[in-house]
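Chemist: All I have is the shape, not the residue letters:
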């Protein structure tokens, strides 16, 4: 259940990515999904290793970082949707963008890792499940986004950006 809840944001981001990239080859989808799953799986480990000592220092601003990254990417998506210049369009398959999305969607997994220090849990098994579920959610989201974009076109790029903004708002609201 934890893995499913952590992968929801990644799924939504992948749907948005699929909407933006009409031509995604399998290799690109696997790499995108791997990066998303890697960060989603590594953040709990990082949280577990660092534990409560550092948590008190970053908990006051981690949600702002995640939301800020999603907001910047969303604004770029909206600008790209209305631009005729292909260079202005955001490409979620570009590594820098992919990295920003992976970090933004995995900040909550860092908090999960902090909780691992308190409860008895097999961290290795948990991380494997989180990574696997996130990988599958990303692949599925890309496929759904790609197929939906082919049918509905440009307005979905704006909807994809709105989805990212909504995720950013959700992250902020959960931390207020």
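Modeler: Received it, and whenever you're ready, just let me know what you need. For clarity, every value in this text was computed on a predicted model and none was experimentally measured.

Chemist: where in this structure is pLDDT low?
Modeler: Within the chain, the stretches with pLDDT under 70 are 52-56, 58-59, 77, 80-81, 83-89, 118-119, 150-154, 156-157.

Chemist: Would you map the helices across it?
Modeler: Secondary structure of the chain (DSSP state H): helices located at 2-20, 26-50, 52-58, 62-82, 95-116, 123-152, 155-174.

Chemist: can you redo these as a markdown table with mean neighbour count?
Modeler: Bear in mind the C-beta positions are built from the backbone N, C-alpha and C, glycine included. Below are the helices of the chain laid out as a markdown table (neighbours: other Cβ atoms under 10 Å):
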| stretch | mean neighbour count |
| --- | --- |
| helix 2-20 | 24 |
| helix 26-50 | 19 |
| helix 52-58 | 12 |
| helix 62-82 | 19 |
| helix 95-116 | 20 |
| helix 123-152 | 19 |
| helix 155-174 | 18 |
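
Chemist: Now residue 94. Its backbone dihedrals?
Modeler: When read as degrees, to the nearest 10, the backbone of residue 94 gives phi -70, psi 130.
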